[in-house]
Structure formats: structure tokens, C-alpha cells
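Chemist: this one's structure only:
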């Protein structure tokens, strides 16, 4: 019970803050004309206020900071020590990635500059001492992989940040994926006894609920790059916060399972663009949400399908953290094979549907 009180408090505080902040952001966006304007690549047909990421960032940051700073004072026995200043460096990384997204929303930053700034934000996390514990993995003996932990961590953070950015294309889509990911990560952190990690996950969870109230279709506001990049960054960092004392399985395998939808979608996009000799950052209308729309699914049906699959992924990840590591690897591999097969099947069906529609229109 003592553990649940600060967790519930952090989540409720984040929800209430965002439920109050987002309407203000919507008002300002309308007054200033800060709209996401429809174009040939976008799905919505009416201008929608953007910058919902501002509410997500402020409510998440304030509640996470309040919880992690006040907890050592209120429940010192549970915390086991004073607030660690290195967490402030991680929050500085969140601030930087949010600022990068904001600048991109307004000025459409050059891809190289955007990537460089994302690397700096990721480097702050590594500099604070958080990294993927590859050195703790023993594959077929004692294989020391710690030498590549830092570059692997940078790749992981920047990759997931952009992956969440790419799947933000349907009302409630990216926010819902992030919701289930944060929920699973919070449960895993609690099972591992990492209270600070659980607090950060629950703060993000509460903030997302406050945002989805306004973003569920028909959306009244979009999160923009300032929100999607922040979500990807935070979700990639949360498993690292308890990496020092947590089993490597929970840090390495569980996030791969939880975030397999944006990972697969981004990998497929990169392959498509390389094969077509296009820059990997060039936009298209072949992401997972476009595929589902091509199959004739309505937005709410898409969300029901994606949310159900995210719940399954989260459950699989939680199970993978409480079984022996060989079983965890087997679960991860099985889930990935199933996810890849499902994605390939959806792509094949969408391609057939497009061909039939093209033939009928001739």
C-alpha cells in the first residue's frame, strides 16, 4: 500500500495537470493560428490545433519531478536514499528533445540538424550513467559486450524517438501505443523493485490519459513532433533508469517486445526508401496506419485492433521478466516472429486491395 500511494499520486497529478494544460494550449493555438494543415500525405481534412506535446511534456515533467524529489522525504524507507541529481540530467534530455520537436513543428528543421540534436539529448542520458547493460548478458558463456553499450544506447534512444514520431498518423494512435508501453514498463519496474522507474512510467501514463481525452477520434488537438519525439525518447529511457540493478532481460528484451510496432514500422520504412533510393527521412503513405486504412478500417476500429495488440505485447513483456532468461529470449523471438508475420500479411492484403481499387477505377 505504501508503494501504491506515491505511484497513484504521480499518475493522478500528471492527468490533472494535462487535463488543465491541454485546453489552454488549444486556445492559444487557435488564437495564434498554430494548426496542422491538411495536405496530400495527411489523413485529417480539417485544420487541427497542434502542440499537444506541450501539455504532455509539462504535466509529465512536473509530476515526475515532484514524485521523485518528494518521495525520499515522505517515504525514506521505501526510497533507500536521497534524490539522485543524475535524474535531472535525464530530464534535461527530455527538455532538449521536446524543444527539438517544437522547433521542427514550426520551422521544419533539416534532417541532419534534427538528428544531431537528438544525439545530444541521447548523449545526456548516457553521460548521466544510464546505458543498456550489455555487459550483463551471457550468451553461450560469458560474452562481454559492455564496450558497445554506449553507442548501442545512443542508437536505441534516437531510433525509438523517431519510430514514435513516424507512427503518429491517426488520432489516438501514437498516444495509445505509448500508453500501453508506459503501463507495461511501470508494471515491470514494480516487479523488479525499481520504484523511481515505476514513478516515471506512471507519470507518463497519467499525462497520456490527460492527452488522449482530447486526441481520441475525432481529435481536437495533435501532439506534434514535440510530443511524439518526447514519447519515443522517454519510453526508450525508462527501462534504462533501473538498469544498474535490474536483470538485463528486463532492460534489453522487454522494451523490444513492448515497442515492436513502431520498431517494425520504422525498419520497413527505411528498407522501402533504401530500395527506392530515397532519403530515409522522406515521407510516404505506407506506414502501418496507412496500411490499415487501405484495408477499409475506420479510425476507431484501427485503435481497437492496435490497442488490443499492444496489450498483448505488454503482457508478453511482463511475463518475459518473471521467467528464466532463456524462456524470456524464446518469448521475445516468438512475439517478434508473430509480429513480423502479421505485418507482412497486412502489407500483402493492402497491396492487393490497392491493386483491385486501381483496376476498378480504370
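Modeler: That came in fine, so what should we check first? Remember, it's a predicted structure, so these values are computed and weren't measured experimentally. Residues are numbered from 1 along each chain as shown.
Chemist: what residues does stretch 7-14 touch?
Modeler: 59-60, 62-64, 66-67, 186, 190, 198-199, 202-207, 209-210 (C-beta atoms under 8 Å, 6 or more residues apart in numbering). The way it works is simple: take the backbone N, C-alpha and C, and place the C-beta from them, glycine included.
Chemist: whichever of those end up buried, select them in PyMOL.
Modeler: Buried residues within these, by 16 or more other C-beta atoms under 10 Å, are selected in PyMOL with:
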select buried, resi 59+60+62+63+64+66+67+186+190+198+199+202+203+204+205+206+207+209+210
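Chemist: would you indicate which residues of stretch 276-289 are buried?
Modeler: Under the neighbour-count rule (16+ other C-beta under 10 Å), stretch 276-289 has 286-289 buried.
Chemist: which one of those residues is nearest to residue 97?
Modeler: Of all these, residue 287 has the smallest distance to residue 97: 21.0 Å, by C-beta to C-beta.
Chemist: and the pLDDT for that closest one?
Modeler: At residue 287, the pLDDT value in this model is 92.
Chemist: surely it is in contact with residue 169?
Modeler: Yes. The pair residue 287 and residue 169 qualifies as a contact (C-beta atoms under 8 Å) at a distance of 5.8 Å.
Chemist: could you pull out the helices for this structure?
Modeler: Using DSSP state H, the helices assigned to the chain run over residues 4-32, 52-74, 76-79, 86-107, 111-127, 149-166, 173-192, 195-215, 224-241, 248-258, 260-275, 288-294, 299-321, 325-360.
Chemist: want to throw the ones you listed into TSV with distance to residue 134?
Modeler: Rendered in TSV, the data for the helices of the chain read as follows (distance: least, C-beta to C-beta, whole Å):
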stretch	distance to residue 134
helix 4-32	29
helix 52-74	26
helix 76-79	28
helix 86-107	19
helix 111-127	13
helix 149-166	5
helix 173-192	18
helix 195-215	19
helix 224-241	12
helix 248-258	7
helix 260-275	18
helix 288-294	29
helix 299-321	17
helix 325-360	14
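Chemist: out of the ones you listed, which gets the lowest mean score?
Modeler: Among the helices of the chain, helix 76-79 has the lowest mean pLDDT, at a mean of 59.
Chemist: ok, residue 160 to residue 19 distance?
Modeler: Shown here: residue 160 relative to residue 19, a distance of 27 Å by C-beta to C-beta, to the nearest Å.
Chemist: of the two, who's got more company?
Modeler: Each of residue 160 and residue 19 has its neighbours counted (other C-beta atoms under 10 Å); residue 160 has more, 25 against 18.
Chemist: show the contacting residues for the nearest residue to that one once chain neighbours are set aside.
Modeler: In space, residue 160 comes closest to residue 236 once its chain neighbours are excluded; the distance is 3.8 Å by C-beta to C-beta, 6 or more residues apart in numbering. Residues touching residue 236, when contacts are defined by C-beta under 8 Å, 6+ apart, comprise 156-157, 159-161, 255, 259.
Chemist: which two of the residues you listed have the greatest separation?
Modeler: Using C-beta to C-beta, the two most remote members of these are 161 and 255, lying 13.1 Å apart.
Chemist: neighbour count: these two, which is higher?
Modeler: The neighbour comparison of residue 161 against residue 255 (other C-beta under 10 Å) goes to residue 161, with 27 against 24.
Chemist: pretty sure the more buried one sits against residue 119.
Modeler: No. Look at residue 161 against residue 119 with C-beta under 8 Å: they stay out of range, at 10.2 Å.
Chemist: quick one: pLDDT of residue 38?
Modeler: At residue 38, the model reports a pLDDT of 73.
Chemist: so how many other residues sit close to it?
Modeler: A total of 13 residues lie near residue 38 under the criterion other C-beta under 10 Å.
Chemist: numbering from 839 from now on, please.
Modeler: Sure, I'll start counting at 839 from here, so that last one is residue 876.
Chemist: could I get the phi/psi values of residue 1117?
Modeler: Summarising the backbone geometry of residue 1117 under the convention degrees, to the nearest 10, its torsions are phi -60, psi 140.
Chemist: and it, what does it touch?
Modeler: If you count contacts by C-beta under 8 Å, 6+ apart, residue 1117 has them with 949, 1111.
Chemist: what pLDDT does it get?
Modeler: According to the predicted model, the pLDDT of residue 1117 comes to 90.
Chemist: quick check: closest non-adjacent residue to residue 1184.
Modeler: On the basis of C-beta to C-beta, 6+ apart, the spatially nearest residue to residue 1184 that is not a chain neighbour turns out to be residue 1129, at 5.2 Å.
Chemist: for residue 948, see how far away that neighbour is.
Modeler: Distance of residue 1129 to residue 948, computed by C-beta to C-beta: 29 Å.
Chemist: ok, the two, which is more surrounded?
Modeler: Set residue 1129 next to residue 948 and count neighbours by other C-beta under 10 Å: residue 1129 wins out with 23 against 11.
Chemist: give me the most central residue, this structure.
Modeler: residue 1070 (3.5 Å; C-alpha atoms, centre = their mean).
Chemist: no further questions, thank you.
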